[in-house]
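K.L.:
sequence and computational prediction follow.
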Amino acid sequence: MSLAIMCSGGDAPGMNPAIKRFVDYVYEKGEIPYFVYNGLEGLIDGQIERATHKDVAGIVHRGGAIIRSSRSKRFYEYKYRKQAYENLVKSDVTGLVVLGGDGSFRAMDLMSREFDLNFVGIPTTIDNDIYGTDICLGVDTALNVIRDALDKIRDTASTFSRAFIVEVMGRDCGYLAIVSAITSGAEICIVPEVDFNKSVVEEHLKREIANGRNYILSIVAEGTKKTNEIAQWLENSVGMESRITVLGHIQRGGSPTVYDRMLAFEFTIRAVDHLLANTSSNKVVVIKNGQYGMCEISEVVDNRYTINPELLGMLNKLD
């Protein structure tokens, strides 16, 4: 049996450990591993090549993905999805592992409804917005990148008596912002999931400033689009000089943490095992309450991820 692995959508730390484990494990099982280069675009263009141990030597510690990734507008057209499927057939690929997020899984779900596609998805996005799994590959590394940046920003904020507004990624999900705010001791956290009461917080902050507080750390999720608004409010209403820091794509890079490397290995092993044992898969590997399992692709794409209410409740305890 020939199995292929592909990255789709935004990159995330942990892709390379997953790619290495895929190649090594498929060979251990006596099968043939293939790479699909350049994501959905590469699938359409037939960039499918047999993988070797040499290809994956020394890549576990590297961020990004050696087989690269892409987003594809062409994939929305049936003729290109048909072309992509035919390329898999030409290469005798009978199973596909897809490292990606919500958009990637929707693309695979559509393709699997039209053609005899046998695939397993591995939730790979720092946004941590995939239904059915508690954590996605790349999230832990992104959180540690943010944590390091916030620790350094707090140093200068306290030295210069300023308010710093730090924008973090996450698309429409506030998971990164919430966990980062809690673990960094931020005073403010703005996320799409919770309304922010300016008047209550303003009163609280002014009282603390009167009692000696000389800096403020505010974490803002990019999905709220409120970074500039919060900066102006802190400066004009709360009365503290403010600076904005947008962390941007550094959150998607860097050497994967130990946790993300182990998660990549476990996800990949289960994806390959499922493909080898099933002629019709179309599943997503997930982890819930510390236990690994499989979700139907339809269940994943038809439902919306929601943050644990207990985590949201902790926002009220920021101080």
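P.N.:
Nice, thanks for sending it over.
K.L.:
can you pull out the strands in the stretch 51-200 of the chain?
P.N.:
For the stretch 51-200 of the chain, the strands defined by DSSP state E, counting those that start in this stretch cover 93-100, 119-123, 163-168, 188-190.
K.L.:
check which helices and strands the shortest one sits against.
P.N.:
Translated: strand 188-190. helix 175-184, strand 216-221 (3 or more Cβ pairs under 8 Å, 6 or more residues apart in numbering; DSSP states H and E). Glycine gets a C-beta too; all of them are placed from N, C-alpha and C.
K.L.:
buried residues, whichever helix or strand comes after the shortest one. List them.
P.N.:
I take that to be strand 216-221. With elements assigned by DSSP states H and E, the helix or strand that comes after strand 216-221 is helix 227-233. If you call a residue buried by 16 or more other Cβ atoms under 10 Å, then helix 227-233 has these buried ones: 227, 230-231, 233.
K.L.:
swap in stretch 271-281?
P.N.:
Using 16+ other Cβ under 10 Å as the test for burial, stretch 271-281 gives 271-272, 274-276, 281.
K.L.:
need the residues that contact the one helix or strand Glu310 maps to.
P.N.:
Glu310 is part of helix 309-313, with elements assigned from DSSP H and E. Helix 309-313 is contacted from outside by 175, 178-179, 182, 193-194, using Cβ atoms under 8 Å, 6 or more residues apart in numbering.
K.L.:
wait, which of the residues you listed is closest to Gly121?
P.N.:
Tyr175 (18.9 Å; Cβ to Cβ).
K.L.:
ok, now which ones touch Leu96?
P.N.:
Residues near Leu96 by Cβ under 8 Å, 6+ apart: 3-6, 36, 88, 108, 117-120, 275.
K.L.:
tabulate these in TSV, adding columns for distance to Val60.
P.N.:
As requested, these are exported to TSV (distance: Cβ to Cβ, whole Å):
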residue	distance to Val60
Leu3	20
Ala4	20
Ile5	15
Met6	19
Val36	20
Leu88	27
Met108	26
Leu117	29
Asn118	27
Phe119	24
Val120	21
Leu275	22
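K.L.:
beta partners of Ser2?
P.N.:
Applying DSSP bridges to Ser2 yields these beta-bridge partners: Ile32, Val93.
K.L.:
from memory it sits against Lys90, does it?
P.N.:
No: at 11.2 Å, Ser2 does not count as touching Lys90 under the criterion of Cβ atoms under 8 Å.
K.L.:
and the two? which has more neighbours close in?
P.N.:
Taking other Cβ atoms under 10 Å, Ser2 and Lys90 do not tie; Ser2 has more neighbours (16 against 10).
K.L.:
which residues touch that one?
P.N.:
31-34, 91-95.
K.L.:
which of those sit farthest apart?
P.N.:
The distance between the two most remote of these (Cβ to Cβ) is 13.5 Å, for Glu31 and Ser91.
K.L.:
possible to save the helices and strands packed on strand 188-190 as a markdown table with distance to Met294, mean neighbour count and mean pLDDT?
P.N.:
Formatted as a markdown table, the helices and strands packed on strand 188-190 follow (distance: least, Cβ to Cβ, whole Å; neighbours: other Cβ atoms under 10 Å; pLDDT from 0 to 100):
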| stretch | distance to Met294 | mean neighbour count | mean pLDDT |
| --- | --- | --- | --- |
| helix 175-184 | 22 | 23 | 97 |
| strand 216-221 | 30 | 26 | 98 |
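K.L.:
quick check, Val286 in a strand?
P.N.:
Yes: checked against DSSP: H, G, I helix; E, B strand; the rest coil, Val286 lies within a strand.
K.L.:
PyMOL command to pick out the buried ones of the contacts of Ser2?
P.N.:
To isolate the buried ones among the contacts of Ser2 in PyMOL, judged by 16+ other Cβ under 10 Å, type:
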select buried, resi 31+32+33+34+91+93+94+95
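K.L.:
for the contacts of Ser2, which one is nearest Tyr76?
P.N.:
Val93 (22.4 Å).
K.L.:
doesn't Leu3 make contact with that closest one?
P.N.:
Yes: counting by Cβ under 8 Å, Val93 touches Leu3, with 6.9 Å between them.
K.L.:
need the overlap of contacts for the two.
P.N.:
Between them, Val93 and Leu3 share the contacting residues Tyr34, judged by Cβ under 8 Å, 6+ apart.
K.L.:
right, I'll call it a day here.
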